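Peer 1: I would like the atomic coordinates for the input below:
(6 chains)
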There are 4 protein chains.
Amino acid sequence: MSALQRVAPRRAKSQLRITELLRAAREVFSEHGYQQATTALIAERAGVSEATVFTYFAGKRELCIQVIKDWYDEISTELEREMPHLQGIHAKISFVIRHHLITLLADGFGMCALVLGEGRTVGPELSSVITECARRYTAPLMDCLAQAREDGEVRQDMPLRLMRDLIYGSMEHVLWDSITDQKRPAIDQTAEQLTALVWSAITPPNASLEALTRFRDEVRQALLQTQQAAPSHSS
Amino acid sequence: MSALQRVAPRRAKSQLRITELLRAAREVFSEHGYQQATTALIAERAGVSEATVFTYFAGKRELCIQVIKDWYDEISTELEREMPHLQGIHAKISFVIRHHLITLLADGFGMCALVLGEGRTVGPELSSVITECARRYTAPLMDCLAQAREDGEVRQDMPLRLMRDLIYGSMEHVLWDSITDQKRPAIDQTAEQLTALVWSAITPPNASLEALTRFRDEVRQALLQTQQAAPSHSS
Amino acid sequence: MSALQRVAPRRAKSQLRITELLRAAREVFSEHGYQQATTALIAERAGVSEATVFTYFAGKRELCIQVIKDWYDEISTELEREMPHLQGIHAKISFVIRHHLITLLADGFGMCALVLGEGRTVGPELSSVITECARRYTAPLMDCLAQAREDGEVRQDMPLRLMRDLIYGSMEHVLWDSITDQKRPAIDQTAEQLTALVWSAITPPNASLEALTRFRDEVRQALLQTQQAAPSHSS
Amino acid sequence: MSALQRVAPRRAKSQLRITELLRAAREVFSEHGYQQATTALIAERAGVSEATVFTYFAGKRELCIQVIKDWYDEISTELEREMPHLQGIHAKISFVIRHHLITLLADGFGMCALVLGEGRTVGPELSSVITECARRYTAPLMDCLAQAREDGEVRQDMPLRLMRDLIYGSMEHVLWDSITDQKRPAIDQTAEQLTALVWSAITPPNASLEALTRFRDEVRQALLQTQQAAPSHSS
DNA sequence: TATGAATGAGGGTTCATTCAT
DNA sequence: CATGAATGAACCCTCATTCAT
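Peer 2: Alright, predicted model coming up:
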């Protein structure tokens, strides 16, 4: 027990160090990108010596990989927790968009740029990690798109991937613009507008319009006949 | 004349070197990104000594800026040359998408990643160059979107920028996917599909469609009640 | 205590490195001048790798500045410690001259050349440091000159600065000559001679001569009268 | 004759190039010092290509040597032309001082710093050239000092070199001060004052003054004894 | 002769990483 | 375990100098 008591705090302390290092590293990688981030700065931000970074992580690359993994884990977990509570494809897409915009803005877009732009310069190891993480992160959306397509709520003449790219790609550019302009976008409004645009894109085109038009004509016809057959009822 | 003959080849040679250096630099920057690209490698690819690079360009950053400017210049010029010959907003958007996809695939996505992901880490100088170049490149699309919106061909309840982000963002993710998958997408099909998606998104969201949907629901409700009130009619 | 024992050697070692680096740097800067001195050579002389130089000093310039500061500090401290014990302006000037000659010869004139000749080529930062250090170093002499001038011991028709320039300038050229000739001057003799020369230059001209002349006349008169009053004594 | 006609202009043109290059080189070496001066800048100032510099001079060092030689030649020639017309050692020293101050100020002190401070960093070749040139430049002063010493007009208990160092050294520091202060000194006044100081230093330390001082001491001694021998007189 | 062009040699500086304490 | 200390390996950039034209 005394051994446990001694070990447990150590583990806890150790865990604390790791957490703190990851926090600092995410900060630095976000701000400067992978290449420009220095282990020295990360150590400083974490309040430890540079050597300590290497006590807990094999190297700069491994640290970065962990940072990215953790980040994806966080945002994926959040999504996975919230999505089941939402009813209807429209609500889900709306949530995904809003959630993504808020998340990326909160991180100053840095993580996003890290993942998208610099992943390739670090090495294939990182690339595969990113691919896998991204798959999980987009899974909730993909799943509900797939379901909705089966239900005929989204068009069936498009690959799901294309719809996903449409959704996430749009947001990325919106955020990129906001970085360039140095001003934060109106998230609520942007999310609504994007949702509307995306909705128009992925819902079956015309099909419903035509069906409805036909339906309207039938109903009108029916009504007309009804009224002619029994005019006394309405008087 | 003999003077010209002596001078001309020099100029030509010099110009050749610059061209060759820019070609090599674009290659290297594309492959490795800005930070990982080395002047040594660029020189090697261009078949000259490292010092020669600095004879023609003030430094690595200036060289990179020129590479980006030239790249944008090329693809912008092409767009500007072709766009006027196209009739109708749909044709133009279709062309922009196809052209962009082809261009980026040809460059192995490297230039795109360079421009989007690393601009921020190099310095504000590069950022402003990119911003300006990007503005020119997207201008043809923006112009025709603006015109179309006036004509009522695209919806008026969305900022043009959002539509632009939708278009270019989608493509970027499509390309990013293709990089990740290590396989080239079917450009023609993808372009068509993307165009269709985008078209659905940006065209006016059929006011009548919504009205009809509401109408149908009311009618159905009414019919239901009618049928319940007078079951004898159906028999 | 065990913590102290562990930490103390580290500090001591670190301090030792700095001292050693400064020693090596002074050597190299003295020998080659600022521009020709290389951090590689300094590192080699200090017995460390080149990178270590940059662990302790921000750069070549900062290292050089520290070298100059330290050098001035040493020679200034020595002066300031000895001067108060000397009585009389003549003794003080004599000491300053001797001290300066010995100091500069010991350093092989290199530091002097560094300070005088190359300060301007390194940048304004170094220049201002040198100016300030030089002010302190020459202050003891300036102070005693000022005091002596008030007391009428040095001429009042000359700016103090001019006298200072006379003193230090002479020595510099003497040393420069010795460098050129590749042989060490007889310091004692040179110091004495210089002191004599300088003394003649800065003491009030004529004043004493006139006073003495007047004194002589009075005495002669007195003697004459005495002799006349008691002629028998001399016979 | 036609050959001559063709050659002569060529020689003249060639000479012009050399002159222009030397002028530009003196300018650049003066401003930046030897190490910081670049052949590129010299070529630009001379209005020729960099390669041309090497057509006329074996290299940077040789060019610098020539610049220094020429500079010394100019100022030496001027001195040698003027000195014979001056009567008296005082007038000559006065002229030398004034001339030197004016010359060095005109060159912005750059040549002086080049010669004094950086000569050593260029190589022994330059050092010997400087030594020789300096010898010639100071010869007129040395000659007249030697003559004056024979005539008893300057003190005979000091080496001539020391007097020379006193004279030139003082001026150098005066000029160095003016550089540091960023303001031009009042040349006329400074020259007069320096001359006066130097004159006091090098003229025989009044033989009569010393004799008188000795005499006074004797007399005082004598008076003291007299007073002691005949105390009754004073009571 | 004059030069455009090219470069070898080297310099200062950075930084991830290692290791003894 | 934490770290002070040290460094190897690069990298960007400069510049005097050469040479074919």
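Peer 1: Buried ones in stretch A:142-156, by neighbour count?
Peer 2: By 16 or more other CB atoms under 10 Å in any protein chain shown, the buried positions in stretch A:142-156 come out as A:144-145, A:148-149, A:153-155. Any C-beta I mention is one placed from the backbone N, CA and C, and that applies to glycine too.
Peer 1: ok, those vs D:Leu105, which is closest?
Peer 2: Among those, A:Leu145 lies closest to D:Leu105 (CB to CB), at 83.8 Å.
Peer 1: So that closest one: helix, strand or coil?
Peer 2: Of the three states, A:Leu145 takes helix under DSSP: H, G, I helix; E, B strand; the rest coil.
Peer 1: before we move on, what about A:Gln156?
Peer 2: coil.
Peer 1: quick one, phi psi at it?
Peer 2: Note on A:Gln156: its backbone torsions stand at phi -100, psi 0 [degrees, to the nearest 10].
Peer 1: Name the nearest residue to it, ignoring sequence neighbours.
Peer 2: Spatial nearest neighbour of A:Gln156, excluding adjacent residues (CB to CB, 6 or more residues apart in numbering or on different chains): A:Arg149 at 5.6 Å.
Peer 1: ok, now A:Ser76?
Peer 2: A:Tyr137 is the one closest to A:Ser76 (CB to CB, 6+ apart), at 4.6 Å.
Peer 1: My read is that that neighbour contacts A:Glu80, right?
Peer 2: No. With contacts counted by CB atoms under 8 Å, A:Tyr137 stays clear of A:Glu80, the gap being 9.4 Å.
Peer 1: would CSV of the buried residues of stretch A:142-156 with pLDDT be doable?
Peer 2: Output for those, formatted as CSV (pLDDT from 0 to 100):
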residue, pLDDT
A:Cys144, 92
A:Leu145, 94
A:Ala148, 91
A:Arg149, 91
A:Glu153, 85
A:Val154, 90
A:Arg155, 90
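Peer 1: Can you lay out these as JSON lines showing distance to DNA strand E?
Peer 2: Formatted as JSON lines, those follow (distance: CB to the nearest atom of the strand, whole Å):
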{"residue": "A:Cys144", "distance to DNA strand E": "40"}
{"residue": "A:Leu145", "distance to DNA strand E": "40"}
{"residue": "A:Ala148", "distance to DNA strand E": "45"}
{"residue": "A:Arg149", "distance to DNA strand E": "45"}
{"residue": "A:Glu153", "distance to DNA strand E": "49"}
{"residue": "A:Val154", "distance to DNA strand E": "45"}
{"residue": "A:Arg155", "distance to DNA strand E": "48"}
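Peer 1: returning to that earlier point: count of neighbours near the residue nearest to A:Ser76?
Peer 2: Neighbour count of A:Tyr137, defined by other CB atoms under 10 Å in any protein chain shown: 23.
Peer 1: so which helix or strand takes in the nearest residue in space to A:Arg136 that is not next to it in sequence?
Peer 2: Excluding its sequence neighbours, the residue lying closest to A:Arg136 (CB to CB, 6+ apart) is A:Ser76, at 5.1 Å. Assigned by DSSP states H and E, A:Ser76 belongs to helix A:60-82.
Peer 1: in chain A, what spans have low per-residue confidence?
Peer 2: Filtered on pLDDT under 70, chain A yields the residue ranges A:1-12, A:206-213, A:230-235.
Peer 1: Sketch out the helices for it, chain order is fine.
Peer 2: Taking DSSP state H, the helices of chain A run over residues A:2-36, A:39-46, A:50-56, A:60-82, A:89-106, A:110-113, A:119-122, A:124-150, A:160-181, A:187-202, A:207-229, A:231-234.
Peer 1: Redo the ones you listed as JSON lines? Include distance to B:Gln189.
Peer 2: Listed next are the helices of chain A as JSON lines, based on distance: least, CB to CB, whole Å:
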{"stretch": "helix A:2-36", "distance to B:Gln189": "35"}
{"stretch": "helix A:39-46", "distance to B:Gln189": "45"}
{"stretch": "helix A:50-56", "distance to B:Gln189": "48"}
{"stretch": "helix A:60-82", "distance to B:Gln189": "30"}
{"stretch": "helix A:89-106", "distance to B:Gln189": "24"}
{"stretch": "helix A:110-113", "distance to B:Gln189": "28"}
{"stretch": "helix A:119-122", "distance to B:Gln189": "26"}
{"stretch": "helix A:124-150", "distance to B:Gln189": "18"}
{"stretch": "helix A:160-181", "distance to B:Gln189": "10"}
{"stretch": "helix A:187-202", "distance to B:Gln189": "17"}
{"stretch": "helix A:207-229", "distance to B:Gln189": "21"}
{"stretch": "helix A:231-234", "distance to B:Gln189": "56"}
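Peer 1: Chain neighbours aside, what residue packs nearest to the one residue sitting closest to the centre of chain A?
Peer 2: The centroid of chain A falls nearest to A:His100 when counting by CA atoms, centre = their mean (4.2 Å). In space, and not counting its chain neighbours, A:His100 is closest to A:Met171: 5.4 Å by CB to CB, 6+ apart.
Peer 1: Spell out which parts of chain A neighbour DNA strand F.
Peer 2: Taking CB under 7 Å from any atom of the strand as the criterion, chain A approaches DNA strand F at residues A:10, A:13-14, A:17, A:48-52, A:54-56.
Peer 1: In a markdown table: those, plus distance to chain C.
Peer 2: Output for these, formatted as a markdown table (distance: CB to the nearest CB, whole Å):
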| residue | distance to chain C |
| --- | --- |
| A:Arg10 | 19 |
| A:Lys13 | 19 |
| A:Ser14 | 21 |
| A:Arg17 | 20 |
| A:Val48 | 17 |
| A:Ser49 | 12 |
| A:Glu50 | 12 |
| A:Ala51 | 13 |
| A:Thr52 | 16 |
| A:Phe54 | 17 |
| A:Thr55 | 18 |
| A:Tyr56 | 22 |
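Peer 1: ok, which pair from those residues is furthest apart?
Peer 2: Farthest pair in the residues of chain A next to DNA strand F, by CB to CB: A:Arg10 and A:Glu50, 22.0 Å.
Peer 1: Who has more neighbours out of the two?
Peer 2: More crowded of A:Arg10 and A:Glu50, by other CB under 10 Å: A:Glu50, with 14 against 10.
Peer 1: Please tell me I have it right and A:Pro205 contacts A:Arg155.
Peer 2: Yes. Counting by CB under 8 Å, A:Pro205 touches A:Arg155, with 6.5 Å between them.
Peer 1: on that earlier part again, the residue nearest to A:Arg136 and chain C: what is the separation?
Peer 2: With distances taken as CB to the nearest CB, to the nearest Å, A:Ser76 is found 42 Å from chain C.
Peer 1: and what of A:Ala25?
Peer 2: Taken as CB to the nearest CB, the span from A:Ala25 to chain C is 23 Å.
Peer 1: Buried residues, stretch A:68-81. List them.
Peer 2: Buried-residue list, stretch A:68-81, by 16+ other CB under 10 Å: A:68, A:70-72, A:75-76, A:79.
Peer 1: before we move on, what about stretch A:187-206?
Peer 2: Neighbour-count burial for stretch A:187-206 [16+ other CB under 10 Å]: A:190-191, A:193-205.
Peer 1: Could I get the contacting residues of the residue nearest to A:Ser76?
Peer 2: Contacts for A:Tyr137 (CB atoms under 8 Å, 6 or more residues apart in numbering or on different chains) come out as A:72, A:75-76, A:79.
Peer 1: Tell me how many other residues surround A:His32.
Peer 2: Using other CB under 10 Å, A:His32 has 17 other residues around it.
Peer 1: Can you tell me the closest non-neighbouring residue to whichever residue of chain A sits closest to chain B?
Peer 2: Proximity of chain A to chain B (CB to the nearest CB) peaks at A:Gly117, 1.4 Å away. Using CB to CB, 6+ apart and skipping the chain neighbours, the partner closest in space to A:Gly117 is B:Gly117 (1.4 Å).
Peer 1: is it true that that neighbour touches B:Gly33?
Peer 2: Yes. Between B:Gly117 and B:Gly33 there is a contact at 7.4 Å, judged by CB under 8 Å.
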